[in-house]
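S.K.: with the sequence up front, the predicted model follows.
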Amino acid sequence: MAIAMAFTIVAGFSLQWLMGRSSFTESPARLHVHAMLFMGWVGLYLAQTLLGVGAAGPTSIALHRRLGWIGAGWAIVMVVVGVYVTVGMVRRGAVPFFFTPAYFLFMDLLAVLVFGGLVAAAIVLRRRTAWHSRLMVCAMAVLTGPAIGRMVPVPLVMPWVGLSVFAVVILFPLAGMIADRRRYGTHPAWLAGLATLAAMQLAIELLPRSAAGLALYRAVAAGSPGAAVAPDAYPPPPWATAPRAG
């Protein structure tokens, strides 16, 4: 499962670069920091999984535990940087055209906060290894969302992009639960993780349409170019604003 999720994330972002939709030179420094932190986590998670199953020999578990505290600090930084980058994009009015600005704000904020919450729960339950490993899978599944979104033909599934991505994201914990059930029965960690992910998506769908959600968006965007952008309207696509040749 760890390898499948890592492959999905690398494939999604690599596809963007190969298709010329991403640029290293034109992106601001904060996005480079964001990318290094999140892609670094992918490598750390994959290494921790291999160590956790003893793939590196008798010292694997001891090393897994030592690296785990690095991972805990890493996750905290990811949450802080993730919130900072999301708020910055909203304030600049630089939201992808296939999301309304309010939807994008809550989608990204809730995703990174739920990721952090699941990681925190997994760390608290680290001595209950069955809970720990399964909650970490659910946390990692959240991070596959942006990569999956880069592989989905978004113009064809608007305005259901978020739900379409979520339908793929939950396949990872569902696959783990099904594999478990065949061997051991349904572990409650899967139910807790899936319930958390479902609650996250429900909030993402409802908050941008609520008065409280729109008020929070306006408070975040106040005093910036994003304040002039309608929070519940889709931005124009790039080809609608690009200058015509000649």
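M.R.: Great, that's in hand.

S.K.: helix or strand for Ala94, which one?
M.R.: Under the criterion DSSP states H and E, no helix or strand holds Ala94.

S.K.: neighbours around it, how many?
M.R.: Ala94 has 15 neighbouring residues, counting by other C-beta atoms under 10 Å. C-beta here means a position set from N, CA and C on the backbone, and glycine is covered the same way.

S.K.: helices and strands of this protein: which one bottoms out on pLDDT?
M.R.: helix 238-241 (a mean of 62; mean pLDDT, DSSP states H and E).

S.K.: tell me which residue is most central in the chain.
M.R.: In the chain, the residue lying closest to the centroid (C-alpha atoms, centre = their mean) is Leu143, at 3.2 Å.

S.K.: just the pLDDT for it.
M.R.: Per-residue confidence (pLDDT) for Leu143: 95.

S.K.: and what about it, helix, strand or coil?
M.R.: Judged by DSSP: H, G, I helix; E, B strand; the rest coil, the three-state class of Leu143 is helix.

S.K.: that one reaches Val114, doesn't it?
M.R.: No - using C-beta atoms under 8 Å, Leu143 is not in contact with Val114, being 10.4 Å away.

S.K.: which stretches of the protein form helices?
M.R.: Here the chain has its helices, by DSSP state H, at 2-18, 29-52, 60-92, 101-124, 129-149, 154-157, 161-169, 171-183, 188-206, 211-221, 238-241.

S.K.: for Ala230, which of those is the nearest?
M.R.: Nearest of the helices of the chain to Ala230, taken as C-beta to C-beta: helix 101-124 at 7.5 Å.

S.K.: distance from the chain centre to the closest one, please.
M.R.: 7 Å (C-alpha atoms, centre = their mean, to the nearest Å).

S.K.: next, the buried residues of it.
M.R.: 101-112, 114-123 (16 or more other C-beta atoms under 10 Å).

S.K.: now the helices of the chain in JSON lines, with distance to Ala230?
M.R.: Compiled in JSON lines, the helices of the chain are given as follows (distance: least, C-beta to C-beta, whole Å):
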{"stretch": "helix 2-18", "distance to Ala230": "27"}
{"stretch": "helix 29-52", "distance to Ala230": "25"}
{"stretch": "helix 60-92", "distance to Ala230": "13"}
{"stretch": "helix 101-124", "distance to Ala230": "8"}
{"stretch": "helix 129-149", "distance to Ala230": "22"}
{"stretch": "helix 154-157", "distance to Ala230": "20"}
{"stretch": "helix 161-169", "distance to Ala230": "18"}
{"stretch": "helix 171-183", "distance to Ala230": "34"}
{"stretch": "helix 188-206", "distance to Ala230": "19"}
{"stretch": "helix 211-221", "distance to Ala230": "10"}
{"stretch": "helix 238-241", "distance to Ala230": "15"}
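
S.K.: so where's this structure uncertain?
M.R.: Where the chain drops to pLDDT under 70, the residues are 18-27, 54-58, 238-246.

S.K.: and if we set it to 90?
M.R.: Scanning the chain for pLDDT under 90 picks out 1, 12-36, 50-68, 93-99, 129, 149-160, 180-186, 229-230, 232-246.

S.K.: surely Gly82 and Asp108 touch.
M.R.: Yes - the pair Gly82 / Asp108 is scored as a contact, 7.0 Å apart, by C-beta under 8 Å.

S.K.: show me what contacts Gly116?
M.R.: Ala75, Ile76, Met78, Val79 (C-beta atoms under 8 Å, 6 or more residues apart in numbering).

S.K.: cool, and Leu46?
M.R.: By C-beta under 8 Å, 6+ apart, the contact set of Leu46 is Ala2, Ile3, Ala6.

S.K.: gap between the first one and Gln48?
M.R.: If you measure Ala2 against Gln48 using C-beta to C-beta, to the nearest Å, the figure is 8 Å.
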